[in-house]
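Asks: whatever this is, show me its structure:
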Amino acid sequence: MNAITYCMNVHRGEDIAAVKDALARVTIPLREAFKIEGAFPVGLRLGAQAAKMLRDPETFRNFSNFLTHNKLAVMGINGFPYDNFHDEVVKEKVYLPDWMHPDRSAYTRNLFYALSNFPIARLGDHSPSVTTVPLAYDRGQGISDAMLEELCSMALFLRKLEGFTGRRMCLALEPEPDCLLEATQQTIDFFERLWSHPSWVPSYRPYIGLCFDTCHFAVGYEDPLNALRSLVAAHIPVARIQVSAALEFNRYTTADDLRAFIDREYLHQTRRREDNADLTCFPDLTEALLPELLGASGRIHYHVPLTWEGTQRLGTTRHTLTSAFWRYVRAGGWPLEVETYAYFVYPDSLRRKTLSESLLDDMLWVRSQLKSV
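Replies: Residues are numbered from 1 along each chain as shown. Predicted coordinates for the structure are as follows:
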């Protein structure tokens, strides 16, 4: 069966002490509760400072030994947030530095240096991966040649690193609403452009791929199964699938219902669906936006628990994760990662369980879906 874990961006990851603390408090007890045979797969989150700390041989040795001693094996690393991802206003800053800035490339290389020597989870035919921003937040700047050059350089770096270490790894771009990579066809067009770049060579193909987040595609009203099939048919490597659900509203939803999901930390891109099925796009869920949404239906980029069934007035895109989706995912063997980074800003109605309980329930739900098909 597919490797199943959760994304550690729900924890602090700015330094190694914070990462070890999260592993000890939450991940290791989850390993025991999940009752997995062998090492438990881990979706690490390492910020830029933590990644730099691991370049020190003694620091790396101690951390790697900690993983091995506790029967933890790394499935991949979340390299999306660069700095602090909790307890401050993040919003659009989560995409900075983007792939126009050399700091993004340097940070990502540090993550791959670490990943190349970590104990690795069993992933079948799939490679361990580092997830990253979908190039940049879309401010109308377009995809530049400099971005393509950076990705070609990263592919060359990963090919050389594989030669030194014997470990193949993949950089996984993560399409997200309102970014330069967002929708399926847009993503396919980008990869075709990348593959035709003068600095690209065919042997680079396995090293640059995708992290497929089901919430992100659902926000744009794309069926996750159809989107995933299309990306695979286009021969784009899918390194990892993040299993998550977005928030849905309908014509019965009240302002108070939506107000509970407004927060100062994260960006919640919002889509209102018109009667002709067109989407009106809003950059964030805000108090000023509420009158625009009342009496309409739509979806919001807000990762809600997979086990939450919603209410009459608020729903979840979990229904888009059909039996056919799970059959396809199981057959593909992709590693799966539950993502619930918004846990600490959930309204009280969604935070009646501890973080550990919520994560375990979601992971068990994912496993049950896989077993049922």
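Asks: now do the lowest-mean-pLDDT helix or strand in the chain: distance to the chain's middle.
Replies: Averaged element by element with mean pLDDT, DSSP states H and E, the chain has its least confident helix or strand at helix 28-34 (a mean of 93). What separates the centre of helix 28-34 from the centre of its chain is 22 Å, taken as Cα atoms, centre = their mean, to the nearest Å.
Asks: so which residues make contact with the helix or strand just after it?
Replies: For helix 28-34, the following helix or strand on the C-terminal side (DSSP states H and E) is strand 40-45. Strand 40-45 has contacts (Cβ atoms under 8 Å, 6 or more residues apart in numbering) with 3-9, 11, 13, 19, 23, 27-28, 30-31, 34, 67, 71-78, 81, 85, 121-122, 335, 337. C-beta: built from backbone N, CA, C; applies to glycine.
Asks: how about stretch 53-62?
Replies: With Cβ under 8 Å, 6+ apart as the test, stretch 53-62 has contacts from 15-16, 46, 63, 110, 113-114, 117.
Asks: which strands or helices does the least confident helix or strand of the chain pack on?
Replies: Contact here means 3 or more Cβ pairs under 8 Å, 6 or more residues apart in numbering; DSSP states H and E; on that basis helix 28-34 packs against strand 40-45, helix 355-371.
Asks: out of these, which comes closest to residue 205?
Replies: For the helices and strands packed on helix 28-34, the distance to residue 205 is smallest for strand 40-45, at 24.0 Å, taking Cβ to Cβ.
Asks: contacting residues for residue 317?
Replies: Applying Cβ under 8 Å, 6+ apart to residue 317 gives the contacts 214-215, 218-219, 245-248, 299.
Asks: please repeat the previous calculation with a cut-off of 7 Å.
Replies: When contacts are counted by Cβ atoms under 7 Å, 6 or more residues apart in numbering, residue 317 is found next to 215, 218, 245-246, 248, 299.
Asks: now, the most widely separated pair of those residues?
Replies: Farthest pair in the contacts of residue 317 (Cβ to Cβ) is 215 and 248. Separation: 11.1 Å.
Asks: who has more neighbours out of the two?
Replies: Ranked by neighbour count (other Cβ atoms under 10 Å), residue 215 and residue 248 place residue 215 first, with 27 against 24.
Asks: residue ranges of the strands in the stretch 101-250 of the chain, please?
Replies: Taking DSSP state E, counting those that start in this stretch to define them, one finds strands in the stretch 101-250 of the chain at 129-132, 170-173, 208-213, 238-243, 245-249.
Asks: which strands and helices lie in contact with the second one?
Replies: Taking 3 or more Cβ pairs under 7 Å, 6 or more residues apart in numbering; DSSP states H and E as the contact definition, the neighbouring helices and strands of strand 170-173 are strand 129-132, strand 208-213, strand 238-243.
Asks: can I get that strand as CSV, trimmed to CA atoms?
Replies: As requested, the backbone C-alpha atoms of strand 170-173 are provided in CSV (Å, rounded to 0.1, in the frame of the first residue of the first chain):
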residue,chain,number,x,y,z
CYS,A,170,12.7,15.0,-7.3
LEU,A,171,11.9,18.7,-6.9
ALA,A,172,8.1,18.8,-6.7
LEU,A,173,6.5,22.1,-7.7
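Asks: now residue 288: how far from residue 255?
Replies: Shown here: residue 288 relative to residue 255, a distance of 11 Å by Cβ to Cβ, to the nearest Å.
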